[in-house]
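Engineer: missing the sequence, but the structure's below:
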């Protein structure tokens, strides 16, 4: 029997999202 586990790294729920300067994505440098 084979078992596969998928894990995705997500930002901390307490962190605040800021839009990047170019306006196309979020600022990822402040995310924990």
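Structural biologist: It's in. Predicted model, so just to flag it, every value in this text is computed and none were measured. Residues are numbered from 1 along each chain as shown.

Engineer: With adjacent residues omitted, what lies nearest to residue 21?
Structural biologist: Nearest residue to residue 21, sequence neighbours excluded (Cβ to Cβ, 6 or more residues apart in numbering): residue 27, at 8.0 Å. C-beta coordinates here come from the backbone N, C-alpha and C atoms, glycine included.

Engineer: List the residues that contact that neighbour.
Structural biologist: 17, 18, 19, 20, 21 (Cβ atoms under 8 Å, 6 or more residues apart in numbering).

Engineer: From the residues you listed, keep the buried residues only.
Structural biologist: Buried by 16 or more other Cβ atoms under 10 Å: nothing, out of those.

Engineer: Okay, the residue nearest to residue 21 and residue 1: tell me how far apart.
Structural biologist: Relative to residue 1, residue 27 is positioned 43 Å away (criterion: Cβ to Cβ, to the nearest Å).

Engineer: what does residue 21 give?
Structural biologist: Separation of residue 21 from residue 1 (Cβ to Cβ): 50 Å.

Engineer: Noted, bye for now.
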